[in-house]
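Chemist: the sequence and its predicted three-dimensional model are supplied below.
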Amino acid sequence: KYVPIFSELSDTILTKVEEAGIIRNFKKDTVILNEFYEGTGLYIIIEGDVKVTENDIDGREIILQLLTQHDYFGEMSLIDGKRPSANVVAMEDCVMFFLSREEFMKLMKTYPEITVALLEELTRRLRFAGIRIKSLSVLNSEGKIASAILQIAENSGRIKQGSVEVVLPYQHDIASMAGTSRETVSRAIHSLEKKGLIEFDGSKVRIPDYNSFKKAYS
């Protein structure tokens with residue numbers, strides 16, 4: 001019910017989806033998917049956090065996305081059956097619901113509603129990716145870091161009294177997402193805080209005017 005692909009489906013179809021999948025457990029730092037992975041299917045995070053990464057020409061890790069509970073990955077392989085184009089690594093011990101491509105294809109043939117839902121969600125993700133690529137190409141360093149914070153907030157932020165709260169990862173992870181250095185991240189976060197765009201509350205960061213923040217950095 002909390003996963004966008006399935007959220008609008010009936011309880012009957014959801015039960016069939018549940019019966020078709022299995023539960024898989026992964027330890028921290030386990031590479032769940034990489035370019036050499038043969039099996040294809042959809043992973044839904046029940047517990048834990050993962051990072052989606054690629055390596056640049058110098059072998060340095062670039063974080064494309066951070067995913068948490070109820071997020072999913074592997075959906076592209078459901079369509080073409082090809083190996084993943086990025087790595088997915090467990091950032092902590094994780095519990096996953098796994099649905100193989102073979103089982104997913106059977107479900108789509110039986111329940112066309114699933115096909116429609118998948119296409120709608122893929123379109124939404126492509127639109128978001130396009131916006132992010134555009135923003136990273138025109139924003140300065142501070143803007144790129146703010147855009148990375150926005151992405152984290154979109155994935156795992158919690159609304160509280162009209163603002164959005166998010167727990168940020170380590171600064172070197174944000175630097176990897178923004179394609180910059182940890183020192184630049186530190187300066188940018190301090191600048192955003194000084195401007196009143198973000199506020200710290202212990203380990204959490206609050207974005208008091210989320211709509212304005214989103215409009216400025218997406």
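Modeler: Arrived safely, thanks for sending.
Chemist: which stretches of the protein form strands?
Modeler: Ranges of strands in the chain, per DSSP state E, are 22-26, 31-33, 41-47, 50-55, 61-67, 72-73, 87-90, 94-100, 158-160, 163-167, 199-201, 204-207.
Chemist: hmm, who's touching the shortest one?
Modeler: With contact meaning C-beta atoms under 8 Å, 6 or more residues apart in numbering, strand 72-73 is reached by 3, 5, 33, 42-45, 50, 52, 67, 88. C-betas here are computed from N, CA, C, even on glycine.
Chemist: what's the answer for the fifth one, then?
Modeler: Contacting residues not belonging to strand 61-67 are listed as 45, 49-56, 73, 86, 88, 91, 151-152, 155-156, 169, 173, 176-177, 179 [C-beta under 8 Å, 6+ apart].
Chemist: how about it: buried residues?
Modeler: Residues 63-67 are the ones in strand 61-67 that count as buried (16 or more other C-beta atoms under 10 Å).
Chemist: show me which of the residues you listed is closest to Val17.
Modeler: Distance to Val17 across the buried residues of strand 61-67 (C-beta to C-beta) is lowest for Leu67, with 19.4 Å.
Chemist: ok, what's across the strand from that closest one?
Modeler: Note on Leu67: beta-bridge partners by DSSP bridges are Val50.
Chemist: quick check: the residue nearest the centre of the chain vs Glu102, distance?
Modeler: Centroid-nearest residue in the chain: Leu67, 3.8 Å away (criterion: C-alpha atoms, centre = their mean). Separation of Leu67 from Glu102 (C-beta to C-beta, to the nearest Å): 24 Å.
Chemist: same deal with Val89?
Modeler: 25 Å.
Chemist: any idea how far Gly21 is from Arg124?
Modeler: Counting by C-beta to C-beta, the gap from Gly21 to Arg124 is 22 Å.
Chemist: quick one: which of the two has more around it?
Modeler: Between Gly21 and Arg124, counting by other C-beta atoms under 10 Å, Gly21 is the more crowded of the two (19 against 11).
Chemist: residues contacting that one?
Modeler: By C-beta under 8 Å, 6+ apart, the neighbours of Gly21 are 97-100, 103.
Chemist: contacts only, for Thr68.
Modeler: Contacts of Thr68 by C-beta under 8 Å, 6+ apart are 45, 48-50, 155-156.
Chemist: try 7 Å this time
Modeler: Thr68 sits next to 45, 49, 155-156 when contact means C-beta atoms under 7 Å, 6 or more residues apart in numbering.
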